[in-house]
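# fold the following for me, if possible:
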Amino acid sequence: MQLFFLPNLSKNDKVAEFDKEESKHIFKVLRKDVGDKLNITNGLNYFFEASINSISKNHCKIDINKATKNSALSYGLHIAISPLKSMERFEWFLEKSSEIGISKITPIICDRTEKKFINEKRLRKVLVSAMKQSLKSHLPQINPIISLKKFLNIEFTEDLFIAHCEEIKKVTLLSSIKPKSSNLILIGPEGDFSENEIKLATSKGFKNISLGDARFRSETAGIIACHTASIANM
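So this is what the prediction gives:
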């Protein structure tokens, strides 16, 4: 099955239209024609079955035949992670976390963060592509980049965790996640969080956690956190 994305589509819509770029792809690359069936999501846990009403290289109009509400994630997972020096590796994290299951991603600037700017538009495209590839109906939210200090001043309702490599008492993430709960996990940059950042986070209620015995790359730690949350909710 091939999945298309229309973010403004609602469950009550009967007709819709793709933008010029997607219409050209459907017409020129996929060579779809009038009457062909399309499977669509709005990224808000809905799947739609549609048929092409009219099509050219500049437009593709569709009739919505059926809307189905898909089950949302049974748990909430928000990962706040430092951008990496290699954006390719950071995008890999976004892609894989979207495939596994994640609610929100917030890029955070830490003391040892080397790359302090991101292209939100490009990162959202990565998430959209991953959603379509994995045939999911939920598009994870990518938040604006923010300093860790400002981020820690937000009032959170989730269960709070910070993953780091410091030799202090920790619990495992798997033993700490409650089924169907909402969780926020902090993942640091290459070089890890600084000692002061760890102290600040714990003073704000973040629990020190271990993701395993090895020392992981930041993007790997993020994926392990996603996978662990998924396992805890099986």
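# when you work out contacts or count neighbours from here on, use the C-alpha atoms and nothing else.
Noted.
# so where's this structure uncertain?
For the chain, no stretch has pLDDT under 70.
# tell me where it has strands.
Using DSSP state E, the strands of the chain run over 3-5, 15-18, 37-41, 46-55, 60-69, 76-81, 104-109, 141-142, 146-147, 159-163, 171-172, 182-187, 207-210.
# want to throw those into TSV with mean neighbour count and distance to H227?
What follows is the strands of the chain, written out as TSV (neighbours: other Cα atoms under 10 Å; distance: least, Cα to Cα, whole Å):
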stretch	mean neighbour count	distance to H227
strand 3-5	21	24
strand 15-18	17	34
strand 37-41	21	24
strand 46-55	20	24
strand 60-69	18	25
strand 76-81	23	11
strand 104-109	22	15
strand 141-142	17	18
strand 146-147	16	25
strand 159-163	23	14
strand 171-172	14	13
strand 182-187	23	13
strand 207-210	21	14
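# export those strands to JSON lines and tack on distance to A229?
Shown next, in JSON lines, are the strands of the chain (distance: least, Cα to Cα, whole Å):
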{"stretch": "strand 3-5", "distance to A229": "26"}
{"stretch": "strand 15-18", "distance to A229": "35"}
{"stretch": "strand 37-41", "distance to A229": "24"}
{"stretch": "strand 46-55", "distance to A229": "23"}
{"stretch": "strand 60-69", "distance to A229": "23"}
{"stretch": "strand 76-81", "distance to A229": "7"}
{"stretch": "strand 104-109", "distance to A229": "13"}
{"stretch": "strand 141-142", "distance to A229": "17"}
{"stretch": "strand 146-147", "distance to A229": "24"}
{"stretch": "strand 159-163", "distance to A229": "12"}
{"stretch": "strand 171-172", "distance to A229": "12"}
{"stretch": "strand 182-187", "distance to A229": "9"}
{"stretch": "strand 207-210", "distance to A229": "13"}
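# got the domain ranges for the protein?
When the chain is parsed with automatic domain parsing, its domains come out as 3-69, 76-232.
# for C110, what are its contacts?
C110 makes contact with S82, S147, L148, G188, P189, F193, E197, according to Cα atoms under 8 Å, 6 or more residues apart in numbering.
# any idea how far the residue nearest to the spatial centre of the chain lies from L173?
Most central in the chain under Cα atoms, centre = their mean is P140, positioned 3.6 Å from the mean C-alpha point. As judged by Cα to Cα, to the nearest Å, P140 and L173 stand 21 Å apart.
# V128 too?
28 Å.
# now C60
In terms of Cα to Cα, C60 sits 47 Å off from L173.
# that older thread, ok, of the contacts of C110, which come out buried?
S82, L148, G188, P189, F193, E197 (16 or more other Cα atoms under 10 Å).
# now those in TSV, with distance to S182?
Listed next are the buried ones among the contacts of C110 as TSV, based on distance: Cα to Cα, whole Å:
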residue	distance to S182
S82	20
L148	20
G188	20
P189	23
F193	23
E197	23
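# and which of those residues is nearest D36?
Taking Cα to Cα as the measure, D36 lies nearest S82 of the buried ones among the contacts of C110, at 43.4 Å.
# for the chain, what spans make up the helices?
20-24, 87-100, 120-133, 148-151, 173-176, 195-203, 218-232 (DSSP state H).
# not counting its neighbours along the chain, what's nearest V34?
I52 (4.9 Å; Cα to Cα, 6 or more residues apart in numbering).
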